[in-house]
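K.L.:
Model the structure of this input:
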Amino acid sequence: MSVLLNTLIELDEHGVAWISGTKIKVIEVATDKLAHGSSPEEMHFQYPHLSLAQIHAALACYYDNQDEFDTEIIRQANWARELSEQAKNSPLRRKLEERLRSQAGTK
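P.N.:
Next up, the predicted model:
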């Protein structure tokens, strides 16, 4: 019996898993699955440029390495939360809020 190897997932130089030939990371498909509980068919509707085989391969990659992906998903969520907190007190935000208050006072 011959072995068929179809590489639908590739790792870049940083070890990030991508769907081959696309700009879609495996973690993006996994996060979509976790956030919305979408089936592969529903995900295909959202990502019509991906084949069902590519979606299934991305999900298989996620489930084969779930601990590592979940750790990275949590790390990214924490990083986004930190950035959001930092932005609350940024000089730009304060300036925009002051401008809005002054515009509201002139109306």
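
K.L.:
ok, which stretches of the chain are strands?
P.N.:
For the chain, applying DSSP state E gives strands covering 9-11, 17-19.

K.L.:
Dump the ones you listed to JSON lines, plus mean neighbour count.
P.N.:
Every C-beta, even on glycine, is put in place using the N, C-alpha and C of the backbone. Rendered in JSON lines, the data for the strands of the chain read as follows (neighbours: other C-beta atoms under 10 Å):
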{"stretch": "strand 9-11", "mean neighbour count": "14"}
{"stretch": "strand 17-19", "mean neighbour count": "21"}
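
K.L.:
So which of those is nearest Asp67?
P.N.:
Evaluated with C-beta to C-beta, the strands of the chain place strand 17-19 nearest to Asp67, the distance being 14.0 Å.

K.L.:
which secondary structure elements does the closest one contact?
P.N.:
For strand 17-19, the packing partners by 3 or more C-beta pairs under 8 Å, 6 or more residues apart in numbering; DSSP states H and E come out as strand 9-11, helix 26-36, helix 52-64.

K.L.:
do that again at 6 Å, thanks
P.N.:
Using 3 or more C-beta pairs under 6 Å, 6 or more residues apart in numbering; DSSP states H and E as the contact criterion, the secondary-structure elements in contact with strand 17-19 are strand 9-11, helix 52-64.

K.L.:
just those: most buried one?
P.N.:
Among the helices and strands packed on strand 17-19, helix 52-64 has the highest mean neighbour count (mean count of other C-beta atoms under 10 Å), at a mean of 18.

K.L.:
how far is that one from where the chain is centred?
P.N.:
For helix 52-64, the separation from the chain centroid amounts to 15 Å (computed by C-alpha atoms, centre = their mean, to the nearest Å).
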